[in-house]
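*Asks:* Model the structure of this input:
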Amino acid sequence: MAIPPRVSLVTLGVKDVSRSTLFYVALGWPLSSASVAGEVSFFKTAGGLLALWSEEALAADAGVDATPGTGHLSALAINLDSREQVDSALATAAAAGARILVPGRETDWGGYNGYFADPDGHLWEVAHNPFWPIGQDGRPLLPD
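*Replies:* Residues are numbered from 1 along each chain as shown. Next up, the predicted model:
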(Lines give C-alpha, C1' and ligand atoms only; values in the text may rest on other atoms or scores of the structure.)
Protein backbone atom coordinates (compact mmCIF):
# COMPACT_ATOMS: atom_id res chain seq x y z
CA MET A 1 0.00 0.00 0.00
CA ALA A 2 1.31 3.46 -0.82
CA ILE A 3 1.03 5.84 2.12
CA PRO A 4 -1.49 8.60 1.33
CA PRO A 5 0.25 11.98 0.89
CA ARG A 6 -1.49 13.71 3.78
CA VAL A 7 -0.65 15.37 7.05
CA SER A 8 -3.68 14.72 9.23
CA LEU A 9 -2.41 16.14 12.48
CA VAL A 10 0.54 18.03 13.91
CA THR A 11 1.12 17.25 17.58
CA LEU A 12 3.19 19.69 19.59
CA GLY A 13 4.82 18.37 22.75
CA VAL A 14 4.22 21.15 25.27
CA LYS A 15 5.35 21.83 28.84
CA ASP A 16 1.86 22.69 30.13
CA VAL A 17 -1.19 21.57 28.13
CA SER A 18 -3.61 23.90 29.96
CA ARG A 19 -1.40 26.97 29.48
CA SER A 20 -0.76 26.18 25.82
CA THR A 21 -4.48 25.56 25.23
CA LEU A 22 -5.33 28.99 26.66
CA PHE A 23 -2.74 30.53 24.33
CA TYR A 24 -4.27 29.01 21.18
CA VAL A 25 -7.82 29.80 22.34
CA ALA A 26 -6.68 33.41 22.88
CA LEU A 27 -5.50 33.43 19.26
CA GLY A 28 -9.11 32.70 18.34
CA TRP A 29 -8.62 29.05 17.40
CA PRO A 30 -11.72 26.90 18.09
CA LEU A 31 -11.14 24.15 20.64
CA SER A 32 -12.75 20.82 19.68
CA SER A 33 -14.98 18.95 22.14
CA ALA A 34 -12.72 15.94 21.43
CA SER A 35 -10.20 17.62 23.77
CA VAL A 36 -9.61 16.35 27.31
CA ALA A 37 -8.99 19.29 29.68
CA GLY A 38 -5.40 19.38 30.92
CA GLU A 39 -4.46 16.24 28.97
CA VAL A 40 -4.79 16.85 25.22
CA SER A 41 -6.30 19.64 23.14
CA PHE A 42 -7.39 19.53 19.51
CA PHE A 43 -7.93 22.47 17.17
CA LYS A 44 -9.35 22.54 13.65
CA THR A 45 -7.33 24.71 11.29
CA ALA A 46 -7.75 25.64 7.64
CA GLY A 47 -5.07 23.03 6.86
CA GLY A 48 -4.78 19.99 9.09
CA LEU A 49 -5.48 19.54 12.77
CA LEU A 50 -3.33 20.75 15.66
CA ALA A 51 -2.94 18.76 18.88
CA LEU A 52 -1.29 19.89 22.12
CA TRP A 53 0.01 17.07 24.32
CA SER A 54 2.60 16.97 27.07
CA GLU A 55 6.19 16.42 25.99
CA GLU A 56 6.47 13.46 28.35
CA ALA A 57 3.32 11.77 27.04
CA LEU A 58 4.32 12.27 23.39
CA ALA A 59 7.83 10.94 24.00
CA ALA A 60 6.47 7.89 25.84
CA ASP A 61 3.87 7.19 23.15
CA ALA A 62 6.47 7.43 20.38
CA GLY A 63 9.02 5.39 22.31
CA VAL A 64 11.70 8.11 22.23
CA ASP A 65 13.73 9.96 24.82
CA ALA A 66 12.99 13.64 25.27
CA THR A 67 14.49 16.28 27.45
CA PRO A 68 11.50 17.90 29.17
CA GLY A 69 11.12 21.61 28.61
CA THR A 70 13.06 21.86 25.36
CA GLY A 71 9.96 22.64 23.31
CA HIS A 72 11.33 20.73 20.34
CA LEU A 73 9.32 17.51 20.40
CA SER A 74 6.63 17.22 17.76
CA ALA A 75 5.04 14.55 15.60
CA LEU A 76 3.18 14.59 12.32
CA ALA A 77 0.29 12.17 11.90
CA ILE A 78 -1.29 10.28 9.05
CA ASN A 79 -4.78 9.09 9.95
CA LEU A 80 -6.12 6.13 8.00
CA ASP A 81 -9.39 4.21 7.70
CA SER A 82 -8.38 0.94 9.37
CA ARG A 83 -5.88 -0.90 11.55
CA GLU A 84 -4.81 -2.93 8.52
CA GLN A 85 -3.96 0.27 6.66
CA VAL A 86 -1.84 1.40 9.63
CA ASP A 87 0.15 -1.85 9.55
CA SER A 88 0.54 -1.64 5.79
CA ALA A 89 1.69 1.99 5.95
CA LEU A 90 4.26 1.15 8.63
CA ALA A 91 5.57 -1.70 6.46
CA THR A 92 5.80 0.66 3.49
CA ALA A 93 7.67 3.22 5.59
CA ALA A 94 10.11 0.56 6.80
CA ALA A 95 10.71 -0.63 3.23
CA ALA A 96 11.43 2.99 2.24
CA GLY A 97 14.10 3.28 4.93
CA ALA A 98 12.16 4.54 7.95
CA ARG A 99 13.04 3.32 11.43
CA ILE A 100 9.97 1.80 13.11
CA LEU A 101 9.83 3.18 16.65
CA VAL A 102 6.52 1.65 17.73
CA PRO A 103 4.87 -1.09 15.66
CA GLY A 104 1.09 -0.97 15.24
CA ARG A 105 -0.68 -1.46 18.55
CA GLU A 106 -4.01 -0.87 20.26
CA THR A 107 -4.23 2.38 22.18
CA ASP A 108 -5.85 3.21 25.51
CA TRP A 109 -8.17 5.68 23.72
CA GLY A 110 -9.75 2.97 21.56
CA GLY A 111 -7.73 3.37 18.39
CA TYR A 112 -4.67 1.83 16.79
CA ASN A 113 -1.33 3.48 16.05
CA GLY A 114 2.38 3.14 15.48
CA TYR A 115 5.34 5.48 14.94
CA PHE A 116 8.23 5.72 12.54
CA ALA A 117 11.13 8.10 12.14
CA ASP A 118 12.13 9.37 8.72
CA PRO A 119 15.83 9.39 7.72
CA ASP A 120 16.32 12.71 9.56
CA GLY A 121 14.60 11.47 12.71
CA HIS A 122 11.29 13.33 12.30
CA LEU A 123 8.47 11.51 14.10
CA TRP A 124 5.44 10.29 12.18
CA GLU A 125 2.44 8.68 13.86
CA VAL A 126 0.26 6.45 11.69
CA ALA A 127 -3.14 6.04 13.30
CA HIS A 128 -6.66 4.74 12.96
CA ASN A 129 -9.15 6.56 15.18
CA PRO A 130 -12.58 4.91 14.93
CA PHE A 131 -14.14 8.06 16.43
CA TRP A 132 -12.75 10.37 13.70
CA PRO A 133 -13.88 9.24 10.24
CA ILE A 134 -11.75 10.38 7.31
CA GLY A 135 -13.46 13.09 5.25
CA GLN A 136 -13.48 13.35 1.48
CA ASP A 137 -10.49 15.72 1.68
CA GLY A 138 -8.44 13.07 3.53
CA ARG A 139 -8.59 14.87 6.88
CA PRO A 140 -10.12 13.41 10.04
CA LEU A 141 -13.50 14.82 10.98
CA LEU A 142 -13.34 16.20 14.53
CA PRO A 143 -16.46 17.01 16.52
CA ASP A 144 -17.12 20.75 17.04
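
*Asks:* on contacts alone, who are the packing partners of the lengthiest helix in the chain?
*Replies:* Secondary structure of the chain read by DSSP state H shows that its longest helix is helix 83-95. Here helix 83-95 touches strand 99-106, strand 112-117, strand 123-128, going by 3 or more C-beta pairs under 8 Å, 6 or more residues apart in numbering; DSSP states H and E. (C-beta placed from N, C-alpha, C; glycine too.)

*Asks:* Wait, Ser82 touches Pro130, no?
*Replies:* No: using C-beta atoms under 8 Å, Ser82 makes no contact with Pro130, being 9.2 Å away.

*Asks:* and Arg19, what element?
*Replies:* According to DSSP states H and E, Arg19 maps onto helix 17-26.

*Asks:* Now do the helix or strand just after that helix, average pLDDT.
*Replies:* Next helix or strand after helix 17-26 toward the C-terminus (DSSP H and E): strand 40-44. Throughout strand 40-44, pLDDT has a mean value of 94.

*Asks:* Residues contacting strand 40-44 from elsewhere in the structure, which ones?
*Replies:* Residues from elsewhere that reach strand 40-44 (C-beta atoms under 8 Å, 6 or more residues apart in numbering): 17, 20-21, 24, 29-32, 34-35, 49-53, 57, 142.

*Asks:* Need phi/psi at Pro5.
*Replies:* Pro5 adopts backbone torsions of phi -80, psi 80, taken as degrees, to the nearest 10.

*Asks:* To clarify, my last question referred to Ala37.
*Replies:* Dihedral angles (degrees, to the nearest 10) for Ala37: phi -50, psi 130.
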